[in-house]
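Engineer: Build me a model:
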Amino acid sequence: EQNTGASSTSFHCACWHPTEKRVVVGYTRSAIPYVRSGTLSGTSITWGSEVQVSDSGQTANSLDMCYESGSDKVIVAWVSAQGSNALNGAVLGFSGGNITYSGKQSIDGNSYAQNRVRICQGRSGYVGVTCKRNNNHVQGGDWQVSNGGTSNATFPQIDSSCQSGSNYEPDVVYTGSVYAFFYMKSNQLRYKCHNTSGNQVTGDQVLVNNECRNVAITWDTDKNRILIAYTNMDSSDSIRARAGSYNSNGTFTFGSETLLNWSEFDEYSPKLVYNPDRALTMIVYDRVDYNRIMWNDLSIGGSNDRTVTSSDSGQLDGSTGGYFPTLCYNSNEGQSITTIWRKTTGVLVSKVRTGSTTSISNDNFIGFSDGTSYTNGQTATILVTGNTSTQSSLTPGSKYYVQKDGSIGTTAADPSINAGIALSSTKLLIKG
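Structural biologist: Down below sits the predicted model:
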């Protein structure tokens with residue numbers, strides 16, 4: 001466990017900057033928003049100095065951040081705690097390894113009171129943003145990053161009557177063509193898709209026909225599927241997850257719910273991040289009235305299968321209570337970094353989950369076994385280049401790479417090793 005050096009904090013967020021190879025955390029202290037970055041050596045983090053990311057005397061109610069790949073910048077957004085409670089943001093750069101802040105930018109001048117802002121990577125050079133106004137209108141849209149600052153916020157109203165309360169904050173994800181906004185309305189979990197011009201693609205769609213709380217979403221870049229988690233407040237009040245594929249007409253096709261825990265998410269929880277190194281989504285969350293940070297590894301079935309499976313789970317922080325976890329993925333080393341607020345001390349701490357290690361290389365990978373179950377020391381039959389290997393849940397026509405754990409996926413690991421091309425959902429042309 002690594003102490004970030006940030007004390008007396010509350011709201012916080014985190015992301016990874018792959019070019020700088022640094023984790024960036026944002027937080028508020030006495031309502032002032034700050035950021036600081038850290039470098040990793042194994043599982044140890046060395047933290048730099050904090051930088052205030054609002055103008056002098058400007059305070060914040062909540063904040064969120066993401067890395068935007070088109071500009072190679074970290075974007076941070078917050079709801080002002082002063083005046084009109086407007087939605088603001090900033091572009092963070094680096095100079096000599098230190099964070100640079102060039103001033104705040106206005107996203108939207110409406111009042112957002114103490115509601116939570118959420119942002120995500122959008123199309124190249126843009127981020128997606130959403131937040132609930134103090135009149136429970138959901139706003140959201142496309143925010144362009146340019147010239148070291150931000151401009152051209154397209155920020156229409158998504159819905160005029162979102163459910164009130166801090167457990168019903170909206171979230172947003174970019175599918176590669178549209179922004180999908182998820183929110184609660186009339187005790188139903190709904191979503192609506194807008195294109196990058198801010199125009200609604202279709203009317204709102206009902207995903208869950210009863211009350212849900214603390215919705216969080218991410219995008220599986222290998223399967224091109226959305227993964228959503230929430231507390232379903234039906235008779236069991238339990239934590240669920242489900243996956244869906246976008247249909248190009250403003251709707252998704254979702255699979256059935258998967259039970260993760262017989263409990264509820266606490267306020268401002270959970271967080272999800274996709275880890276292409278392991279082809280899994282990690283979720284971290286604070287169970288209500290439990291004060292422990294829990295986690296699950298989630299995977300989505302291949303081809304047309306939208307089933308969510310929890311392959312592993314546990315408690316992240318031992319016997320020490322924590323609140324409001326946030327999560328990011330170290331794409332350089334394949335690590336997951338979780339930041340936890342210790343409410344009793346007000347200190348932010350971080351935990352690093354190591355990535356996969358491997359001895360495989362392009363020189364020693366020759367193919368796949370013939371499907372027979374072998375043990376060490378036995379003579380084995382290996383199917384090599386030009387043969388076909390029987391696999392499962394493949395996407396026909398897609399190129400696959402050998403992963404560090406010996407599985408295959410559509411995203412190259414490091415080192416990048418060509419496994420082959422899928423001829424069908426079960427046949428892989430080796431090194432094709």
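
Engineer: With adjacent residues omitted, what lies nearest to Val91?
Structural biologist: Sequence neighbours aside, Lys73 is the residue nearest to Val91 in space, at 5.0 Å (criterion: C-beta to C-beta, 6 or more residues apart in numbering). C-beta here means a position set from N, CA and C on the backbone, and glycine is covered the same way.

Engineer: List the contacts of Gly141.
Structural biologist: 128-130, 153-156, 179, 194, 198 (C-beta atoms under 8 Å, 6 or more residues apart in numbering).

Engineer: how much space between it and Ser310?
Structural biologist: 33 Å (C-beta to C-beta, to the nearest Å).

Engineer: low-scoring stretches of the stretch 101-250 of the chain, by residue?
Structural biologist: For the stretch 101-250 of the chain, applying pLDDT under 70 flags the ranges 147-153.

Engineer: for it, what spans make up the strands?
Structural biologist: 105-108, 118-121, 126-132, 138-146, 149-154, 157-159, 171-174, 179-185, 188-194, 205-208, 212-220, 225-232, 238-246 (DSSP state E, counting those that start in this stretch).

Engineer: most packed of those strands?
Structural biologist: strand 126-132 (a mean of 28; mean count of other C-beta atoms under 10 Å).

Engineer: which helices and strands sit right next to that one?
Structural biologist: Under the contact criterion of 3 or more C-beta pairs under 8 Å, 6 or more residues apart in numbering; DSSP states H and E, strand 126-132 touches strand 60-68, strand 73-80, strand 87-95, strand 118-121, strand 138-146, strand 171-174, strand 179-185.

Engineer: got a markdown table for those strands, with distance to Gln403 too?
Structural biologist: Shown next, in a markdown table, are these (distance: least, C-beta to C-beta, whole Å):
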| stretch | distance to Gln403 |
| --- | --- |
| strand 60-68 | 23 |
| strand 73-80 | 28 |
| strand 87-95 | 30 |
| strand 118-121 | 23 |
| strand 138-146 | 32 |
| strand 171-174 | 24 |
| strand 179-185 | 28 |
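
Engineer: returning to that earlier point: list just the one of the strands of the stretch 101-250 of the chain that sits closest to Gln335.
Structural biologist: Proximity to Gln335 (C-beta to C-beta) singles out strand 212-220 among the strands of the stretch 101-250 of the chain, at 16.8 Å.

Engineer: so what strands line up beside the closest one?
Structural biologist: strand 225-232 (antiparallel) (DSSP bridges).

Engineer: can you tell which of the strands of the stretch 101-250 of the chain is closest to Ser350?
Structural biologist: Smallest distance to Ser350 across the strands of the stretch 101-250 of the chain (C-beta to C-beta): 19.3 Å, for strand 212-220.

Engineer: Pull the residues that contact that closest one.
Structural biologist: With contacts defined as C-beta under 8 Å, 6+ apart, strand 212-220 is touched by 167-175, 180, 182-184, 189, 225-233, 243, 264-274, 281, 283, 300.

Engineer: the inter-axis angle of that strand versus strand 179-185?
Structural biologist: 170 degrees (axes from the mean of the first three to the mean of the last three C-alpha atoms, to 10 degrees).

Engineer: how far does strand 212-220 sit from the chain's center?
Structural biologist: How far strand 212-220 lies from its chain's middle: 9 Å, per C-alpha atoms, centre = their mean, to the nearest Å.

Engineer: do the same with stretch 254-266
Structural biologist: 17 Å.

Engineer: One more: stretch 48-68?
Structural biologist: On the basis of C-alpha atoms, centre = their mean, stretch 48-68 sits 20 Å off its chain's mean C-alpha point.

Engineer: buried set for it?
Structural biologist: Residues of stretch 48-68 classed as buried under the neighbour-count rule (16 or more other C-beta atoms under 10 Å) are 48, 50-51, 53-54, 58, 60-68.

Engineer: Can you name the residues that contact the residue nearest to Cys131 when sequence neighbours are not counted?
Structural biologist: Among residues not flanking Cys131 along the chain, Val117 sits closest, at 4.4 Å (C-beta to C-beta, 6+ apart). Contacts for Val117 (C-beta under 8 Å, 6+ apart) come out as 62-64, 77-79, 87, 129-131.
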